[in-house]
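K.L.:
For reference, the sequence and a predicted model appear below.
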Amino acid sequence: MTDDSSGHAVFAERLFDAVQGHLDVAAERLRLEDGARKVLSTHRREVAVSVRVPRDDGSFDVYPGWRIQHNGARGPFKGGLRFHPNASRDEFRCFSALMTWKTALLDVPFGGAKGGVQVDPKSLSVAELERLCRSYLTSIELVIGPYRDIPAPDVNTGPREMAWMYDEYSRSRGDSPAVITGKPVKLGGSLGRDAATGRGALFALDRIARSRRWTREHIRIAVQGFGNAGAWFAELAHQLGYRVIAVSDSRGAVVNGEGLFPHDVLRHKQQTGSVTGFKHGDTIGGDDLIGAECEVLAPAALEESLRVDNAERVRANLVLEIANHPTTPDADRLLHDRGVWVIPDILGSAGGVSVSYLEWVQNLQRERWSEERVNGRLQELMESATDLVLERADEGGVSHRAAAYELAVERVADAGRARGWH
Ligand code: NAD
């Protein structure tokens, strides 16, 4: 094991423990029976595969891959596929459980899964990458399917890879677009998927703003991470009248207390490779964005970006988690004690899987919805989940994360009990 991969293994284990910790707290408050606790804290199926890839020079390579299915009490398993040199079983265990709670909270009829291959996709040619996708799909074919487990894109995978895998599955089983989501629109992908995570986070924020009687133009937002989710969130929030005062990427941040035009920042980033140096704002260090004077801080970059060593500097009243697991449990407690609301990832980042669900529905019905219809349904899903979390937190006097986990765990436990699993 290299230093990098052993460091990553410790990190993946820490992440898994954090998600497990949230489950334990919810299980305790819900007074779940022992059987339910055992089922919910274990994975239903873990498939380890060897992915054989013929290289362009005639040689062969074999990469380890996995598909980990956490809980399918509420419907077929659902979750992304990632290709990364540090991908590991522990990481997929953690993210598959996170998917179970996310889909349950949004009340979409899925369970949770995650998977992928331990490979550096940049080391492969396009033809080799296609063979990798087809080989991986064949190796997990028996455990996936439109009513079994529906993969989707994640780190280093996108519509192109989904199209190859959809094609491979359909070769033996007949045309099956509902086997995978995140496909190109011309192959049955849904309109609105690209912006879905950012848009979903905004629907949640807007609902919260209304409940707290905030006026949009007085809400200053700082967005950490200006990639797919963060940039869409910033642009759509700006269009709705919120004031986006700072955004960052891996090289640094740009801030303007009067408000930025995210669309112009994006153009600058496309031209220069970074948000830094944008002329209508001041460039500051990436970590300084965390202490920016604002009402809403939206981490949309990496895991564990809010830790005890920097959470003290947060000046926002609300942290809206768009990234998966951006707040460590210690930082979460610290923010809660300081009265900062933390809207958890299983709500803040659920727009993506919600539109994946809508893609699956369209594929099963052989229909194509307009973008307005997709966005309208996304809004309903996000708003009703947000309302429930606000209500539960209020009634129970618990954090929004605890409330969200209670709702999700209760739903999965109820479904499992009705099936006679515990
Ligand atoms: P992305 O790769 O498009 O963007 C990530 C951005 O974060 C990039 O702009 C990168 O420069 C920036 N970044 C990296 N390190 C940083 C740092 N130290 N400080 C500030 N910025 C930094 O990824 P994405 O798809 O936007 O996903 C972002 C997060 O949201 C991830 O945690 C992902 O798991 C989560 N998420 C995304 C989706 C989705 O549909 N895209 C869905 C659910 C959850």
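P.N.:
In hand now; what should we look at? It should be emphasised that the depicted structure is a prediction, and the values quoted were computed from it without experimental measurement.

K.L.:
low pLDDT regions in this protein?
P.N.:
1-5 (pLDDT under 70).

K.L.:
Identify the residues contacting the residue lying closest to residue 400 once chain neighbours are set aside.
P.N.:
Of all residues not flanking residue 400 in the chain, residue 393 sits nearest, at 4.9 Å (C-beta to C-beta, 6 or more residues apart in numbering). Just so you know, the C-beta spots here come from the backbone N, C-alpha and C atoms, and that holds for glycine as well. Residue 393 sits next to 399-400, 402-403 when contact means C-beta atoms under 8 Å, 6 or more residues apart in numbering.

K.L.:
Can I get the residues you listed in a markdown table including neighbour count and distance to residue 264?
P.N.:
Putting the contacts of residue 393 into a markdown table (neighbours: other C-beta atoms under 10 Å; distance: C-beta to C-beta, whole Å) gives the following:
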| residue | neighbour count | distance to residue 264 |
| --- | --- | --- |
| 399 | 20 | 36 |
| 400 | 24 | 33 |
| 402 | 21 | 39 |
| 403 | 25 | 38 |
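
K.L.:
Any chance of the residues you listed in TSV with distance to the ligand as columns?
P.N.:
Below are the contacts of residue 393 laid out as TSV (distance: C-beta to the nearest ligand atom, whole Å):
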residue	distance to the ligand
399	20
400	17
402	21
403	20
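
K.L.:
So which of the residues you listed are in helices?
P.N.:
400, 402-403 (DSSP state H).

K.L.:
Return the residues of the stretch 51-200 of the chain in contact with the ligand.
P.N.:
By the rule C-beta under 6 Å from any ligand atom, the part of the stretch 51-200 of the chain lying against the ligand is residue 197.

K.L.:
In the stretch 51-200 of the chain, which residue sits closest to the ligand?
P.N.:
Of all residues in the stretch 51-200 of the chain, residue 197 sits closest to the ligand, at 3.6 Å by C-beta to the nearest ligand atom.

K.L.:
Could you report the distance from that residue to residue 54?
P.N.:
35 Å (C-beta to C-beta, to the nearest Å).

K.L.:
what's the answer for residue 324, then?
P.N.:
Relative to residue 54, and taking C-beta to C-beta, residue 324 is found at 34 Å.

K.L.:
So which of the two has more stuff around it?
P.N.:
The neighbour count for residue 324 versus residue 54, taken as other C-beta atoms under 10 Å, is higher for residue 324 (21 against 14).

K.L.:
Residue 352 is in contact with the more buried one, correct?
P.N.:
No: counting by C-beta atoms under 8 Å, residue 324 sits too far from residue 352 to count as a contact (10.3 Å).

K.L.:
thinking residue 405 is in contact with residue 27, fair?
P.N.:
No: contact between residue 405 and residue 27 fails when scored by C-beta under 8 Å: they sit 9.1 Å apart.

K.L.:
In terms of neighbours, single out the busier of these two.
P.N.:
Between residue 405 and residue 27, counting by other C-beta under 10 Å, residue 405 is the more crowded of the two (29 against 21).

K.L.:
Find the helix or strand that residue 62 is a member of.
P.N.:
strand 60-71 (DSSP states H and E).

K.L.:
ditto for residue 331
P.N.:
Assessed by DSSP H and E, residue 331 sits inside helix 329-337.

K.L.:
Only the buried residues of that helix, if you could.
P.N.:
329, 331-332, 334-336 (16 or more other C-beta atoms under 10 Å).

K.L.:
What number of neighbouring residues does residue 375 come out with?
P.N.:
So residue 375, with other C-beta under 10 Å, has 21 neighbours.

K.L.:
So which bits of the stretch 301-422 of the chain are right by the ligand?
P.N.:
301-302, 322-324, 349, 352.

K.L.:
Identify, from those residues, the entry nearest to residue 22.
P.N.:
For these, the residue nearest residue 22 by C-beta to C-beta is residue 324; the value is 12.8 Å.

K.L.:
you'd agree residue 323 is up against residue 306?
P.N.:
No: with contacts counted by C-beta under 8 Å, residue 323 stays clear of residue 306, the gap being 9.7 Å.

K.L.:
shared neighbours of these two, anything?
P.N.:
residue 299.

K.L.:
Let me know the helix or strand that the residue nearest to residue 400 is in.
P.N.:
Using DSSP H and E, residue 393 falls in helix 371-396.

K.L.:
how about that helix: buried residues?
P.N.:
373-375, 377-379, 381-382, 385-386, 388-390, 392-393.

K.L.:
just stretch 166-181 next, same as before
P.N.:
166-169, 176-181.

K.L.:
again, but for stretch 140-153
P.N.:
140, 143-146, 149-153.

K.L.:
Likewise for stretch 21-40?
P.N.:
Buried-residue list, stretch 21-40, by 16+ other C-beta under 10 Å: 22-27, 29-30, 32, 36-37, 39-40.

K.L.:
Return the distance of that stretch from the chain's centre.
P.N.:
With C-alpha atoms, centre = their mean, to the nearest Å as the basis, stretch 21-40 stands 23 Å off its chain's centre.

K.L.:
For that stretch, which outside residues touch it?
P.N.:
So stretch 21-40 is contacted by 41, 71, 97, 101, 329, 396, 398, 401-402, 405-406, 408-410, 412-413, 416-417, 421-422 (C-beta under 8 Å, 6+ apart).

K.L.:
Which residues are in contact with the residue of the stretch 101-250 of the chain at minimum distance from the ligand?
P.N.:
The ligand sits closest to residue 227 of the stretch 101-250 of the chain, with a gap of 1.7 Å, by C-beta to the nearest ligand atom. The contact partners of residue 227, taken as C-beta under 8 Å, 6+ apart, are 249, 300-301.

K.L.:
Please parse the protein into its domains.
P.N.:
The chain is divided into the following domains under automatic domain parsing: 43-178, 196-343.

K.L.:
Name the nearest residue to residue 160, sequence neighbours excluded.
P.N.:
Nearest one to residue 160, counting by C-beta to C-beta, 6+ apart, is residue 184 at 7.4 Å.

K.L.:
Thanks again, I'm all set now.
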